[in-house]
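S.K.: Give me a model of this one.
(chains A and B)
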Amino acid sequence: MKSEAKWSVLAGLGLALSTQPALAASEADPVAIPAPPAGKGQIVFYRTGTIMGAAMGCSVNENGEKISSLGAGRYFILVTEPGRHEYTVKSEAKDVLALEVEPDETQYAMCRIKMGFMAGRPDLRPSTEAEFVKSGTDRLVDADDMGPGPGALRPDEVELALSGAAGAAIEDDAPIADEPADAEEGAPAA
Amino acid sequence: MRKGVLVCLGAGVLAPFPCLAEEAPPVPSSASSAPACQYAIPALTPIVIETLVDLGSAVSQSLDTFPLRLAEPIVVDGHEVLPAGSAGEGEVVHAKKAGGSGTPGELVLAARWLEACGTRLRLRSMHVALAGQGAVATVNAINAGAALAPVPIGLVGFAIRGRNVLYPAGTRATAKIAVLFEPPAPVPEAQDLLPTSNPDAAVYEG
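M.R.: Coordinates of the predicted model:
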């Protein structure tokens, strides 16, 4: 009896430790991802906020050059040229994910830390916008964890891109000069 | 005339359609069946394709090519510009088998081109990037529990495999025409009468 109770406690603890991201995150507003610059594509790399392997970084590389590290519960946006790209993550084992980047489109890739012998092994896999939103990942990687490989948008660049998109939307809907002045009331908020 | 109508009515009891078909006006179809290659196909026109072979994280290799075909005709402004069945090709961008520690299989596909009008229409945006059902969370849960266990039961996690992805032949997907297709310019008839540099090609009298 004692032994049964011990196992159920252990299993419960295990499940609790590996649960999906904080419930509070799912109630927050979804993260706004700006559209890629014209003619370019982008990939949102993210990592769920589980406690397993939380101390490990998931460093995403292309052509041997680090693009950015992903801490638990963080994401970054990589703007890149259309075409086939291979991304690698590595600790005691290497994992490769190739994606087809399409112009003017956003794709998603997720990193998880799985079981390893001496340390956790990062695993990079294709994902979707729905999975990204469901994961509740809402913290952008800090600027000093990005690079030296090009393409990862720094937090200020993301803000700029988002404000630029909002600005463009306002310009599209803004009243033209010949319209009566009362049309200004129809201008949308950012 | 009257006899013809009677015959038609009599036969119509058994087979009404042939009689009706002679006099009824043609039913306009949603898309005219004009020959293909006469109309332009705008870039980013959505299309429906289907793969013709089994693909999967366990059976495909990265950079393999695979045959596909146009599953539904391309219709632009009510004109059928390309019939269903046109052959094409896609590429396995990424394939990885499921592995230990609950790692799922992965499969990323891209549509490359479609044969049409004697040329290849470049395709894009197939949007097939799949991962099988993984068991990483289960393995992590076992490991977390095993950390407090007196025996190394966490090692069983290495034996737990994720699931592979299968993309069977005949599966439909959407894609887009990558660039504007413009039909070849028709050769003007008057061109036949123009003198050419070859003196034997045309003989003018008077």
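S.K.: can you give me the helices for chain B?
M.R.: With helices called from DSSP state H, chain B shows them at B:2-14, B:16-23, B:136-146.
S.K.: in chain B, what spans have low per-residue confidence?
M.R.: B:1-36, B:135-137, B:139-140, B:143-147, B:151-158, B:187-206 (pLDDT under 70).
S.K.: Walking through it, point out its strands one by one.
M.R.: B:46-51, B:55-56, B:65-70, B:74-76, B:79-82, B:87-96, B:106-116, B:119-124, B:128-131, B:166-167, B:172-177 (DSSP state E).
S.K.: Contact partners for residue 126?
M.R.: Just going to use chain A. Residues counted as contacts of residue A:126 (C-beta atoms under 8 Å, 6 or more residues apart in numbering or on different chains) are A:97, A:99, A:107, A:108, A:109, A:110, B:94, B:106, B:108, B:129, B:130, B:131. Yep, even glycine has a C-beta here, placed from its N, CA and C like the rest.
S.K.: I was after chain B.
M.R.: A:100, B:49, B:90, B:109, B:110, B:111, B:173, B:174, B:175.
S.K.: hmm, back to that, redo the strands of chain B as JSON lines? Include mean neighbour count.
M.R.: As requested, those are arranged in JSON lines below (neighbours: other C-beta atoms under 10 Å in any protein chain shown):
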{"stretch": "strand B:46-51", "mean neighbour count": "18"}
{"stretch": "strand B:55-56", "mean neighbour count": "20"}
{"stretch": "strand B:65-70", "mean neighbour count": "18"}
{"stretch": "strand B:74-76", "mean neighbour count": "19"}
{"stretch": "strand B:79-82", "mean neighbour count": "20"}
{"stretch": "strand B:87-96", "mean neighbour count": "22"}
{"stretch": "strand B:106-116", "mean neighbour count": "24"}
{"stretch": "strand B:119-124", "mean neighbour count": "18"}
{"stretch": "strand B:128-131", "mean neighbour count": "23"}
{"stretch": "strand B:166-167", "mean neighbour count": "20"}
{"stretch": "strand B:172-177", "mean neighbour count": "19"}
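S.K.: In a markdown table, list these along with distance to residue A:67.
M.R.: Shown next, in a markdown table, are the strands of chain B (distance: least, C-beta to C-beta, whole Å):
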| stretch | distance to residue A:67 |
| --- | --- |
| strand B:46-51 | 32 |
| strand B:55-56 | 29 |
| strand B:65-70 | 29 |
| strand B:74-76 | 38 |
| strand B:79-82 | 40 |
| strand B:87-96 | 17 |
| strand B:106-116 | 18 |
| strand B:119-124 | 24 |
| strand B:128-131 | 19 |
| strand B:166-167 | 29 |
| strand B:172-177 | 27 |
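S.K.: Redo these as TSV? Include distance to chain A.
M.R.: Converted to TSV, the strands of chain B look like this (distance: least, C-beta to the nearest C-beta, whole Å):
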stretch	distance to chain A
strand B:46-51	13
strand B:55-56	14
strand B:65-70	13
strand B:74-76	19
strand B:79-82	21
strand B:87-96	4
strand B:106-116	4
strand B:119-124	5
strand B:128-131	4
strand B:166-167	13
strand B:172-177	9
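S.K.: Which one, of these, ends up nearest to residue A:45?
M.R.: Residue A:45 lies closest to strand B:128-131 among these, at 13.3 Å (C-beta to C-beta).
S.K.: who does the closest one pair up with?
M.R.: strand B:106-116 (antiparallel) (DSSP bridges).
S.K.: how far off strand B:119-124 does the partner strand point, in degrees?
M.R.: Counting by axes from the mean of the first three to the mean of the last three C-alpha atoms, to 10 degrees, strand B:106-116 lies at 150 degrees to strand B:119-124.
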